[in-house]
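Engineer: give me the fold of what follows.
(one chain, ligands or ions: 2)
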Amino acid sequence: MKTPERLRIAVQKSGRLNQGSMDFLVSCGLTFAPNGHSLILPCQNFDLDVLYLRDDDIPEYVSRGVADFGIVGQNVLAEKEFEPKILKKFDFGKCRLMIAAPADSVIKTSKDLEGERIATSYPKLLTDYLKKEKLEAAIIPISGSVEITPDLNLADAICDIVQTGTTLKAHNLVPLFTILESQAVLIESPINKQAKAKFLSKCGIN
Ligand code: ATP
Ligand code: ZN
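Structural biologist: Ligands and ions are numbered 1, 2, ... in the order given. Now for the predicted structure:
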């Protein structure tokens, strides 16, 4: 006998998108047993498993169809150059990718970036931006805590995710301009599966 197709949705394991993502699934009427440390969380009342991943890995899983759906920030999709079908935009995970510089820096506008060093976890998006603006600057790729790099003289400016600006302020950095606006989105893999329609209707998406 053919077993029913079990779907998978990729969700950030812990971090800023986890709660909103799980709240959404629960709001669709899905129930889950309390989670231990497992990376796979089975849904109790639907043929679906939640895969708990780092947000940066979600595009890989969804693009290859290992996960049928995913909830991730548009910033991550853009950096990974993955353009999946977006089924829903959420009102959580809202943030901006911005250029910021120390308050006492000579860098005040885009053209002041010429010849400077910019630290970022978004080298692809920053490269595209500099190209578009016809600017030459050194990109310093850093995977986290980018905001400390100007103080340590590793960079002259940063290109980082900003939500409220509190982190920037705490490091005496001033946000100058936005490169990308982002929010969390529900995405779909390119692999067709009959069971997908059932999940989407359960979540009120057509
Ligand atoms: P992971 O361990 O999953 O890689 P992370 O440290 O990369 O976690 P978080 O800081 O939890 O990720 O942010 C996840 C997503 O939340 C970001 O990619 C972005 O879409 C969104 N976000 C919203 N506000 C912020 C913010 N102030 N700083 C960073 N990300 C934010
Ligand atoms: Zn991440």
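Engineer: hmm, residue 196 is touching residue 188, no?
Structural biologist: Yes: Residue 196 sits in contact with residue 188 when judged by C-beta atoms under 8 Å, with a separation of 7.2 Å. Where C-beta positions appear, they are placed from N, C-alpha and C, glycine not excepted.
Engineer: spell out which residues are contacts of both of those two.
Structural biologist: 68, 69 (C-beta atoms under 8 Å, 6 or more residues apart in numbering).
Engineer: between these two, which one's more packed in?
Structural biologist: More neighbours surround residue 188 than the other of residue 196 and residue 188, with 22 against 17 (other C-beta atoms under 10 Å).
Engineer: from residue 67, how far out is that one?
Structural biologist: 10 Å (C-beta to C-beta, to the nearest Å).
Engineer: tell me which helix or strand comes right after the longest strand belonging to the chain.
Structural biologist: Longest strand of the chain, by residue count under DSSP state E: strand 173-182. Remark: after strand 173-182, the chain's next helix or strand is strand 184-188, criterion DSSP states H and E.
Engineer: which other helices and strands does that next one contact?
Structural biologist: Counting contacts by 3 or more C-beta pairs under 8 Å, 6 or more residues apart in numbering; DSSP states H and E, strand 184-188 packs against helix 18-27, strand 69-73, helix 74-79, strand 85-89.
Engineer: just the buried residues of the first one, please?
Structural biologist: For helix 18-27, the buried set under the neighbour-count rule, 16 or more other C-beta atoms under 10 Å, comprises 20, 21, 22, 24, 25.
Engineer: on that earlier part again, of all the helices and strands packed on strand 184-188, which one comes closest to ligand 1?
Structural biologist: Shortest distance between ligand 1 and those, using C-beta to the nearest ligand atom, is found for strand 69-73: 2.2 Å.
Engineer: mean confidence for the closest one?
Structural biologist: In this model, strand 69-73 has a mean pLDDT of 98.
Engineer: got the contact list for residue 192?
Structural biologist: Shown in contact with residue 192 (C-beta under 8 Å, 6+ apart): no residues.
Engineer: per-residue pLDDT, it?
Structural biologist: Reported pLDDT for residue 192: 93.
Engineer: just checking, it is part of a strand?
Structural biologist: No: per DSSP: H, G, I helix; E, B strand; the rest coil, residue 192 lies outside any strand segment and is coil.
Engineer: backbone dihedrals for it, please?
Structural biologist: phi -70, psi 140 (degrees, to the nearest 10).
Engineer: what about it, distance to ligand 1?
Structural biologist: Counting by C-beta to the nearest ligand atom, to the nearest Å, the gap from residue 192 to ligand 1 is 28 Å.
Engineer: next: residue 135.
Structural biologist: For residue 135, the distance to ligand 1 equals 25 Å [C-beta to the nearest ligand atom].
Engineer: burial check on that residue, number of neighbours?
Structural biologist: 16.
Engineer: one more: residue 172?
Structural biologist: There are 13 residues near residue 172, going by other C-beta under 10 Å.
Engineer: give me every residue that touches it.
Structural biologist: The contact partners of residue 172, taken as C-beta under 8 Å, 6+ apart, are 102, 103, 104, 151.
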